Every structure is written in structure tokens, then in C-alpha cells.
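Visitor: Provided below for reference: sequence and predicted model.
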Amino acid sequence: MKKLALIGLSALLGLSPAAFAETPKELRVGLEAAYEPFTYKTADGQLTGFDVDIANALCEELQVKCTFVEQDWKGIIPALNAKKYDAIISSMSITEERKKAVDFTEKYYNTPARLVARADAGLDGSPTGLKGKKIGVLKASTHEKYAQKAYAPAGATVVPYESTQQVYLDMVAGRVDATVADSVEVSVGFLKKPEGQGFAFVGGPLQDEAIFGQGAGIAVRKGDTALRDRLNAAIQAIRANGKYQAIQDKYFDFDVYGG
Amino acid sequence: MFDGYIGHILDGAVITLEVAFLSLLVATGLGLLGAALRLSHNRWLSRLSAWYCITIRGIPDLVLMLLFFYGGQILANQALEKLGLGERFAFDQFISGVATLGFIYGAYLSETFRGAILAVPRGQAEAGQAYGMNKYQVFFGIVLPQMIRLALPGYTNNWLVMTKASALVSVIGLQDMMYRAKEAGSATREPFTYLLLAGAVYLAITSVSLLLVKWAEKRYSVGVRLGEVS
């Protein structure tokens, strides 16, 4: 019996190096379908969104089959490390904290923060133009930090709120003149809604890496540099061949990759 | 209303019911075993059961769920890699969820059952022995039918708590009702609509089970005059 087990074991050992040498034919992608419009589910249960399309484009580039594994956000890193899947493509922001647990590719998008105000207010986005104006922001957000740093010295008043919804309500009510917010959040949550009529982005994307971070990247297991490098190359490839642009145009009418 | 997500969420309700019901079976089995061991005259078996109750009841459900599913998987992967077998063994989400919930609530139920067994007058079991019944005949024929009545209120409590705690399986990626309610809420940006829907379905499940319990209480109270001490 023991002999038999040993033979079985060595047979398996003999097989495994061959299996490792081959490039995997499948990429298992973990994601949480709860972040519209990046990753979400349609009413008939289909996975969809910007992240899903990007993942499919990357798999096509790598010539592997994409298999999606849905995962609750709380367990998304543990499941990666338990090898339930090989990469997380789920709008995960690259942070120093997470870098301790996983390796990240370069960003695949970085939605910029932008200034929003009434279209006919005559603002051009320059700090001096905001002198004497009130800017509503989400309390303790990166956007509040930016407003304090860029606009407060020029004479604007920064008004912190508990939620972005309250900021939008007070913009409509005229109690604040402008807001600094994530371009996607403010676009979907306000500008495209009826109450957002007459409001528009003012000026270009706001850039400050120290405040806004590095954007969203693909997480792989620590030390899985082979996969990380292949994914990085694939991101560059879809940026270059226009597939990224096509996917972006499907969901957004502005640049989500960032400078 | 509900933008067509209602079917998606009701499919999740089926998973919630399956998880809750199968976990209850596991927990009942483990609870009876735990109570029997706790009350046995073997000191080591009794201690083993006591430790089971103390540790499992003392650790948050969420922690145990994550530990078993992810921790267990990582350990299994490492063990298999050491043996050179690669990754040939993946923990199933459904089985892991049911096993973990059953294991947790088995600990609570074993205390419920222990209390109920102790509340059946000793004379009942002794009478059975006097008739020449063996240990198992006494337990299943005499003690168990009488303890069910006493255990039912505590048992029901555990069932209700467990039904709701089954939402924890969403942490390990099982798409139960809560998981789907969250998905639908975020896709439509109307979180409360779907949370309320999920809440209503949980309430419906628990209400129906309370009706069943009422019937069972009647059934197992046959021959008991209420208001009498034991």
C-alpha cells in the first residue's frame, strides 16, 4: 500500500514541472460587482462595467480565457492569497497599505477630481476666479484637502459636508457655488440627473499625486512578478491599439486614464 | 419598482434558505453530540465538548468564517505544495459556508440541549432503566421526546439568529440574498430599496418558521398541563 502511494506521488511529481512550464491558458479574475459603472450586474445577472470590459480586453491581449470569480470586498485580498483567483480587477486603488499584502500593476485608470459649478457662473477653474466663492466638499476626503490647498489661499471658503448628496443639494439651493469631486461620482450622481441640469465641469482635471494617489491598479499575489509584468505589457498594448479608448467611450465622455 | 432585479434577489433567497436549513441540520447533529459528550461520565469527552462550546461561542462568526474558508484554503495549499501535489483541492463555498455555520451554531445548540436534558426529571430515565431499557432506548424513547418541549424555545431562538447570520456567507463569495441585494442596490444606486426587500424576505422566512414552531410546541406538549412544575 505504501509502495503504491509512493509510486502515485512520484508520478504526480513527474507531471507537475511540465504543468508549470506551460503558460496558463486561463486568467481567473476576482471582482466585486458593486461599483457601478465600473463593476456591476445587470438585472439578468450578467457581469458588466468598465473593469469587466478592461479585463476581457487584457485577456484577449494575453491570449488567455478570462474566468470571473465574484467576491465580496471584505474577502477580496484573502481570496487572492488563497489562490481562488490570480488577479483582482475591481477598481482597487493602489495604496501603500495594500502594497504590503499584494503587488500592483501600473494603474489602469485614475479618474481625476474635477471642479463643478453652474455652467453660466462665469468660472474658468482658476483659483483667483473662486475668490469669495463657497466650495462644498465631502468632509475628510482627498477633495477637501485639495480645495484647502489650492483654493482657500486664493480667498475661497471651503465648506465640508457629511455626504456628497448634501453638497449637491446645496449647490442646487445656491448655498455653495462649486464643488470638488471625483469626476465619475459627480457625473453619475449629479450631472446626469435632472437636478444637475445647468451644472457642468469647470476647467480641466485636477492633478496632485500627493493628494489623489496613483489610481486603480490590478492586484496580483506578492511575488507573482511574471503575471504582473504580462498584465503591465497588456495594459500598454490596449492603450496603444485603441481598445482602451473604445471601452472608455462606452462608459464615459472624458479621459479616465489620467495624465 | 425593483428594475427587474427581483428575480435575481429571490434566487438568492433560495440559496439563503438552503444554507440556513442545511446548517441547522449540521448544528442539530453537533448540538446533540456536544450535549451528550458534555453530560457523559468520561472526563475527557466532557472537557472536549466544553472546550468546543467555549472557544466557538467566544469567537465572532465573521472571524471563524474567514478563518475556515481562507485560512483553511491557504493551509491546504501549502500542505499540498509541500507534498508536490500542486493545487488539486479547492474549498467549495457552499459546503464551507454550511459547515462553518453548522459548527458555530452546534456549539450554541449543545448548551440548549444540555439544559433541556438536565430539566427532564431523573426519575423518568431511571424508570426506563427499571424496565430493562438500554442506554440508547432510554435516551431516544424517554428523554428525547420530553426534552424537545423544553429545548424548543432556545432552539427556535438559535434558528432565527442563524437564518439571519447566514448572510455571512456572502463574505466567502456565496451569492445569497444579502450579496445580491447589495449588488442590485449598487447597480441602481438605490441601496435602501433592495435592503428593505431583503429585510422583508427574511421576515417572511422567520414568520413562517415561527408558525411551524407553534405547531411543534403543541405536538410536544401533549400530556403536559401548563402551569405545573415539570
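Guide: Done, it's in.
Visitor: confidence score at residue A:4?
Guide: pLDDT, residue A:4: 47.
Visitor: revised request: answer the last question for residue A:204.
Guide: 86.
Visitor: before we move on, which element is it in?
Guide: For residue A:204, the element it lies in under DSSP states H and E is strand A:199-206.
Visitor: what residues of that strand count as buried?
Guide: Buried residues in strand A:199-206, counted by 16 or more other CB atoms under 10 Å in any protein chain shown: A:199, A:200, A:201, A:202, A:205, A:206. All C-beta atoms are positioned from the backbone trio N, CA, C, and that covers glycine.
Visitor: in chain A, what residue lies closest to chain B?
Guide: Nearest residue of chain A to chain B, counting by CB to the nearest CB: residue A:43, 3.5 Å away.
Visitor: ok so, going back, let me have the buried residues of strand A:199-206 in JSON lines, extended by distance to chain B.
Guide: Shown next, in JSON lines, are the buried residues of strand A:199-206 (distance: CB to the nearest CB, whole Å):
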{"residue": "A:199", "distance to chain B": "18"}
{"residue": "A:200", "distance to chain B": "21"}
{"residue": "A:201", "distance to chain B": "20"}
{"residue": "A:202", "distance to chain B": "24"}
{"residue": "A:205", "distance to chain B": "24"}
{"residue": "A:206", "distance to chain B": "24"}
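Visitor: from the residues you listed, which single one is nearest residue A:87?
Guide: If you rank the buried residues of strand A:199-206 by distance to residue A:87 using CB to CB, residue A:205 comes first, at 27.3 Å.
Visitor: quick one on the thing from earlier: part of a strand, is the residue of chain A closest to chain B?
Guide: No. Secondary structure of residue A:43 (DSSP: H, G, I helix; E, B strand; the rest coil): coil, not part of a strand.
Visitor: which other residues reach the strand holding residue A:204?
Guide: Strand A:199-206 has contacts (CB atoms under 8 Å, 6 or more residues apart in numbering or on different chains) with A:112-119, A:121, A:123-126, A:146, A:150, A:171, A:178, A:180, A:183, A:190-191, A:212, A:254-255, A:258-259.
Visitor: for residue 26, the count of nearby residues, please.
Guide: In the absence of a named chain, this looks at chain A. 11 (other CB atoms under 10 Å in any protein chain shown).
Visitor: the intended chain is chain B.
Guide: By other CB under 10 Å, the residues close to residue B:26 number 18.
Visitor: please, which helix or strand holds it?
Guide: Using DSSP H and E, residue B:26 falls in helix B:6-39.
Visitor: ok, and does that helix reach over to chain A?
Guide: Yes. Applying CB under 8 Å from any CB of the partner chain, one finds helix B:6-39 in contact with chain A at B:7, B:8, B:11.
Visitor: buried set for that helix?
Guide: For helix B:6-39, a neighbour-count test (16+ other CB under 10 Å) marks B:8-9, B:12-13, B:15-17, B:19-20, B:22-24, B:26-28, B:30-32, B:34-38 as buried.
Visitor: weed out the non-buried ones from the contacts of strand A:199-206.
Guide: A:112-118, A:123, A:146, A:150, A:171, A:178, A:180, A:183, A:190-191, A:212, A:255, A:258.
Visitor: what sits closest to the most centrally placed residue in chain A if chain neighbours are left out?
Guide: Here the mean C-alpha position of chain A is nearest to the C-alpha of residue A:91 (CA atoms, centre = their mean), at a distance of 3.3 Å. Using CB to CB, 6 or more residues apart in numbering or on different chains and skipping the chain neighbours, the partner closest in space to residue A:91 is residue A:38 (4.4 Å).
Visitor: quick one: residues contacting that neighbour.
Guide: Shown in contact with residue A:38 (CB under 8 Å, 6+ apart): A:49, A:50, A:51, A:90, A:91, A:184.
Visitor: tell me the most packed of those residues, by neighbour count.
Guide: In terms of neighbour count, residue A:51 stands highest of these at 29 neighbours, by other CB under 10 Å.
Visitor: just confirm it is within a helix.
Guide: Yes. Residue A:51: assigned to a helix according to three-state DSSP.
Visitor: pretty sure it contacts residue A:39?
Guide: Yes. Counting by CB atoms under 8 Å, residue A:51 touches residue A:39, with 4.4 Å between them.
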